[in-house]
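Visitor: Fold the following and give me the result.
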Amino acid sequence: MIKNLLKEPLIHFALIGLSLFVLFSFVNTEESETEIVIDEYDLNEIVSKWKLQWQRDPTPQELKGLLDGYIKQEIMYREALAMNLDHNDEIIRRRMAQKVQFLTQDIVERVEPKEEELQAYLKENQNNYKSEKLISFEHIYFSNDLRKDAKSDAAKALQSNNLIGDSSPIRNSFKDASVTKISGELGERFTDSLEKLEVSDSWQGPIESGLGYHLVIVSNIVDSRNLELHEVLKKVKTDYQYDMRNQLNDNLYESLLKKYEVSIELDDERLKTLGD
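Guide: Sure, this is the predicted structure:
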């Protein structure tokens, strides 16, 4: 589905624009190294970062301080490059590589996905978008700590219909509880056994938890179902854009890799450890 998206003309234009931007960044050497130009874009970026932190516009005096700080940082940055201080600096190398990849994030966020694209993505990844199974039940608890054989006592209570257990550290009644919630309170072992039971007017069990054994009466089960787009629109859109951004990054890397000739000069034994 992502491959189909890359056939869209809008994505083609975005990729061309990205390629030109990256190419221009590497080959443009005409601008004077001693000229610093601050335009409206730079100013808006400075103000936006301030507002994000302080939740208000800067005062004229604060704005002047921000501009002075920006100019100082730019001068120090250029001087550092001139002195080759970025050479063999792993942190700088990693950060610069990330900045190239972050360009795709801007592209993806500017392209609003169509509803049919999100619907197709949801269908392709439906297993990631399901409601949880919900179970309503009550339980009677038989403590391992208070009884010599809690399992046997629970089975005898069920057989004799003398349904008296021990005081439970966990609530006795659950209404439309998700399996995740149940597992969090009574453990995975209990939840796995509970999911195998059917709705019934009769008590069932005993089933084991980390605390002991339980007799259970299940009053309702709501099975897991596929969620509709309107129910998970925000998550689907976020996941869709994440996958598309990764695909664009992969395509960008494959395109840039063609510009380079990579030689790995290692001995034969070391090369074998790297595989193909």
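Visitor: Model confidence for Pro206, exactly?
Guide: Pro206 is assigned a predicted lDDT (pLDDT) of 96.
Visitor: can you check the one 10 residues further on too?
Guide: Looking at Val216, its pLDDT stands at 97.
Visitor: would it count as being in a helix?
Guide: No. Per DSSP: H, G, I helix; E, B strand; the rest coil, Val216 lies outside any helix segment and is strand.
Visitor: what's the burial count for it?
Guide: 20 (other CB atoms under 10 Å). Placement of C-beta: from N, CA and C, glycine included.
Visitor: From Tyr253, how far out is it?
Guide: 54 Å (CB to CB, to the nearest Å).
Visitor: what's the lengthiest helix in the chain packed up against?
Guide: In terms of residue count, the longest helix belonging to the chain (DSSP state H) is helix 233-257. Applying 3 or more CB pairs under 8 Å, 6 or more residues apart in numbering; DSSP states H and E, we find helix 233-257 packed against helix 2-5, helix 9-27, helix 90-110, helix 115-124.
Visitor: What residues sit buried inside the longest one?
Guide: Buried residues in helix 90-110, counting neighbours by 16 or more other CB atoms under 10 Å, are found at Val100, Leu103, Thr104, Ile107, Val108.
Visitor: helices or strands up against that helix?
Guide: For helix 90-110, the packing partners by 3+ CB pairs under 8 Å, 6+ apart are helix 9-27, helix 233-257.
Visitor: could you dump that helix to CSV, C-alpha only?
Guide: Below are the C-alpha coordinates for helix 90-110, written out as CSV (Å, rounded to 0.1, in the frame of the first residue of the first chain):
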residue,chain,number,x,y,z
GLU,A,90,30.2,10.9,16.5
ILE,A,91,27.4,13.0,18.1
ILE,A,92,27.6,15.6,15.3
ARG,A,93,27.7,12.9,12.7
ARG,A,94,24.6,11.2,14.1
ARG,A,95,22.7,14.5,14.5
MET,A,96,23.4,15.6,10.9
ALA,A,97,22.3,12.2,9.6
GLN,A,98,19.1,12.5,11.7
LYS,A,99,18.4,16.0,10.3
VAL,A,100,18.4,14.7,6.8
GLN,A,101,15.9,12.0,7.8
PHE,A,102,13.8,14.5,9.7
LEU,A,103,13.2,16.3,6.3
THR,A,104,10.9,13.4,5.4
GLN,A,105,8.8,14.1,8.5
ASP,A,106,8.1,17.6,7.2
ILE,A,107,7.1,16.2,3.9
VAL,A,108,4.8,13.6,5.3
GLU,A,109,3.1,16.0,7.7
ARG,A,110,2.4,18.4,4.8
